[in-house]
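>>> Sequence first, then the predicted structure:
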Amino acid sequence: MAKYRPLLVAFIIASVLAVAYYYGGNFSKGGYAAQPQAPASVDAVAQAPSSEKPQIAEASPIDPEAGKDAHFTGPAPSDSLMPADQNAAYSGSEFSVSLSVRCDAILGNMNLLDDDKKELVPADGTIFPASTVEAYVGESVFNVLQREMKRARIHLEFMNTPIYNSAYIEGINNIYEYDAGELSGWMYKVNGRFPNYGCSRHLLQPGDAIEWIYTCDLGRDVGADEFSGGQKDE
Amino acid sequence: MNEDAFSSFHPAVSLLYFTFSIGFTVFLTHPICLGISLLCAFIYSVRIKGKRAVRFNMLYMLPTFAFSALLNPAFNHQGATILAYLPSGNPLTLESILYGLAASAMLVASISWFSCFNAVMTSDKFVYLFGRIIPSLSLVLAMALRFAPLFTQQIKVISYAQKCVGRNGSNENFLRKMMRGVKILSIMTTWALENAIETADSMKCRGYGLPGRTAFSVYRFQRRDAWALALILAFASIAIAGSAIGASRFRYFPTVKGEWTGINAIIAFAAYIGLCSFPILVNIKEDIVWKRIKLNA
């Protein structure tokens, strides 16, 4: 037994490292890490009529007693899309949405920003200019952001939170939450509205306009008053 | 040959020295500073403990270093240089790897410094330094520091005694081995309780806590202690000044940046080399003097 002890220790260390790298701090991997498969054949795409509305996965039902669904998300406004399960299946057909990533709010709060991070903020606040990108049916805002950031070689760190069943964006382009004061972080907007649930639960529809915006004041400085009770900071 | 000359300095000098060396190891994150600290701590621990330190460093410190260096990039995804993407979808960055290396160098260096600290600052020195200011705490500390080595020694004694009465157990199965271990632990617990009462009785008999008692000590603050203190303070203040003006500052995120060759940085690094290698230099000087006396005789 004593002879094999170094081997055993090496094995334990290697397995701990393997687990750590596989999960990278996330407990549940969910479906968000899987990239959509390319359409199996050209016919499949051709068959899907362009006017057809993408199939939206069923929204998680809201428990009437708690007023929240299984993932602690409150009800969405009736005229907006209901939050979906982030593990929804993809189908192959492709459509286009628009995506932009901006951090204008930092420009007015440069004094709050760490000195080492100042060089990361572009002069016009544009990290990823508004552009038309492709998305697949059943994909969420998170999937599109992750793919486009990878393609543009822009840094992106997220964390999957099993209790909310959603991905949380910690930092884009090395600009992280809390970097510009303790009320700062990344928020997203779809068609001009800030959804009240995680980005990997927001399924996309053709023509959606996604905007990722950095806030320095819990959303109040970018027009999302509802998350802080609508009260302006003194 | 293995006699450590630095241990013969006044306890106050040793304590101040280790405060600086461990403190700087933790606060100066420049790779050069960490390298200097790691190397000096390694050499000094080998000087104090000989082959045992080499074995300890290779067997435990090297795996610790590798493990903590590799663990960092799995959880830390900051940094502008993206090398690859991990299975979880987050990036693997060059900066997080470099930071992992630096942090584990810091960890291993401070463990090495602490092992030197333990060898040099024996409990009698500790009680001598703090016996007047915080008598009860220094006594508790001295007893607590003695606790682990004493218990390991006693466990060895008990297990030898068990072997002598025939409970040898080299070819027993796992369950029997466990039961034997529990038996040794039970004997150990009984002994520890008895030992505590004996210690208390012994302290009472010797008049512990009575007013007007003095402690015997052989430490005197000599001229060489003053010299050592002055040198350590000089090196430390240069290193602190270097860090204050930013010469030895190093940032790891979002991109690695720091001064390597500026005149201020070189002065700060030189002072830091002086500080970290001080016990080694003292030992070299002592060896030379010893050799010269031997030749003259």
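Received, thanks.
>>> C-alpha from now on. contacts and neighbour counts both.
Fine.
>>> Name the secondary structure element that contains the residue most central in space within chain A.
The central residue of chain A, meaning the one whose C-alpha is nearest the mean C-alpha position (Cα atoms, centre = their mean), is A:Phe142 at 3.5 Å. Element membership for A:Phe142, per DSSP states H and E: helix A:141-151.
>>> Show residues contacting that helix.
A:32, A:35, A:99, A:133-135, A:155-156, A:167, A:199-204, A:210 (Cα atoms under 8 Å, 6 or more residues apart in numbering or on different chains).
>>> of those residues, buried ones?
Burial of these was assessed by neighbour count (16 or more other Cα atoms under 10 Å in any protein chain shown); the buried members are A:32, A:99, A:133, A:135, A:155-156, A:167, A:199-204, A:210.
>>> Any regions of chain A where pLDDT drops low?
Residue ranges of chain A with pLDDT under 70: A:1-3, A:23-61, A:75-92, A:228-234.
>>> if we go to 50?
Using pLDDT under 50 as the threshold, the predicted model of chain A has low-confidence ranges A:27-58, A:233-234.
>>> Name the strands paired with the longest strand belonging to it and say parallel or antiparallel.
In chain A, with assignment by DSSP state E, the single longest strand is strand A:126-136. When sheet partners are counted by DSSP bridges, strand A:126-136 sits next to strand A:94-102 (antiparallel).
>>> ok, back up a step: how far off helix A:141-151 does the longest strand of chain A point, in degrees?
Comparing the axes of strand A:126-136 and helix A:141-151 via axes from the mean of the first three to the mean of the last three Cα atoms, to 10 degrees yields an angle of 120 degrees.
>>> buried stuff in strand A:126-136?
If you call a residue buried by 16+ other Cα under 10 Å, then strand A:126-136 has these buried ones: A:Ile127, A:Phe128, A:Val133, A:Ala135, A:Tyr136.
>>> residue contacts, the third one?
Applying Cα under 8 Å, 6+ apart, one finds that A:Val133 lies in contact with A:Ser96, A:Val97, A:Ser98, A:Leu99, A:Glu148.
>>> Where does the stretch 151-297 of chain B get nearest to chain A, which residue?
Of the residues in the stretch 151-297 of chain B, the one nearest chain A is B:Pro254, at a distance of 6.4 Å by Cα to the nearest Cα.
>>> helices and strands around the helix or strand that contains B:Leu150, which ones?
In this structure, B:Leu150 sits in helix B:135-164 according to DSSP H and E. Packing contacts for helix B:135-164, counted by 3 or more Cα pairs under 8 Å, 6 or more residues apart in numbering or on different chains; DSSP states H and E, involve helix B:123-130, helix B:174-205.
>>> from the chain's centre, how far out does it sit?
With Cα atoms, centre = their mean, to the nearest Å as the basis, helix B:135-164 stands 20 Å off its chain's centre.
>>> tilt between it and helix B:123-130?
Using the same axes, to 10 degrees, helix B:135-164 lies at 170 degrees relative to helix B:123-130.
>>> Check which residues of helix B:135-164 are buried.
By neighbour count on 16+ other Cα under 10 Å, the buried set for helix B:135-164 is B:Ser138, B:Leu139, B:Ala142, B:Ile155, B:Ile158, B:Ser159, B:Gln162.
>>> Save these as JSON lines, and put in distance to A:Tyr21 and pLDDT too.
Rendered in JSON lines, the data for the buried residues of helix B:135-164 read as follows (distance: Cα to Cα, whole Å; pLDDT from 0 to 100):
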{"residue": "B:Ser138", "distance to A:Tyr21": "45", "pLDDT": "78"}
{"residue": "B:Leu139", "distance to A:Tyr21": "46", "pLDDT": "79"}
{"residue": "B:Ala142", "distance to A:Tyr21": "42", "pLDDT": "78"}
{"residue": "B:Ile155", "distance to A:Tyr21": "40", "pLDDT": "92"}
{"residue": "B:Ile158", "distance to A:Tyr21": "44", "pLDDT": "92"}
{"residue": "B:Ser159", "distance to A:Tyr21": "42", "pLDDT": "89"}
{"residue": "B:Gln162", "distance to A:Tyr21": "46", "pLDDT": "88"}
